[in-house]
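A.B. asks: model the following, please.
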Amino acid sequence: MEWTLCDRIFGRIQTREAISVQMSTFLIDVNQVSAALNQCTKRSLLLLDEFGKGTDKVDGLAILAGTLLNLEERQERCPLVICSTHCLEMITQRMITESRLLSCFTHCVKLLYDAICPPGW
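C.D. replies: I've put the predicted structure just below:
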């Protein structure tokens, strides 16, 4: 018997835009997330970043909040989800609330520009 951490990895990290596909950035995002929601299992890993790009900020937040609430309703069937965009904003605007299955973590990175970036960069 083989044990794995996850059975599949789904990502909504970056949209590759191309005029040949004749779809907006937003439609490509929605299709990617829809496919992930329909195919993921409780052993899957779902990575979400920059979801809702290409639409109004409030609309994008609302759709992302709805997606997270849908995942939370799955209870024990919910995949592991790492959402690295707008989480704090959704909580402060009360679009979602933290629960046993949903936690918000923030981080702060301070870069010392002169010490890290080479001259002329």
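
A.B. asks: all the strands of the chain, in order from the start?
C.D. replies: Ranges of strands in the chain, per DSSP state E, are 9-12, 45-48, 80-83.

A.B. asks: which stretch among these is buried most, on average?
C.D. replies: Comparing the strands of the chain by mean neighbour count (mean count of other CB atoms under 10 Å), strand 45-48 ranks first with a mean of 20. Yep, even glycine has a C-beta here, placed from its N, CA and C like the rest.

A.B. asks: average pLDDT for that one?
C.D. replies: The average pLDDT for strand 45-48 rounds to 87.

A.B. asks: which one of the strands of the chain lies nearest to Leu68?
C.D. replies: Taking CB to CB, strand 80-83 is the member of those nearest to Leu68, at 6.6 Å.

A.B. asks: direction included, what does that closest one pair up with?
C.D. replies: Applying DSSP bridges, strand 80-83 is found paired with strand 45-48 (parallel).

A.B. asks: related to what we said a few turns ago, of the strands of the chain, which is nearest Arg74?
C.D. replies: Here strand 80-83 is closest among those (CB to CB), at 10.2 Å.

A.B. asks: CA atoms of the closest one as PDB?
C.D. replies: Only the C-alpha atoms of strand 80-83 are listed here, as PDB (Å, rounded to 0.1, in the frame of the first residue of the first chain):
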ATOM      1  CA  LEU A  80      -6.500  21.200   2.100                       C
ATOM      2  CA  VAL A  81      -6.800  24.800   0.800                       C
ATOM      3  CA  ILE A  82      -4.100  27.400   0.800                       C
ATOM      4  CA  CYS A  83      -5.500  30.800  -0.200                       C
END
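
A.B. asks: hang on, the earlier thing: and the strands of the chain as JSON lines, adding distance to Glu89?
C.D. replies: Shown next, in JSON lines, are these (distance: least, CB to CB, whole Å):
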{"stretch": "strand 9-12", "distance to Glu89": "17"}
{"stretch": "strand 45-48", "distance to Glu89": "14"}
{"stretch": "strand 80-83", "distance to Glu89": "11"}
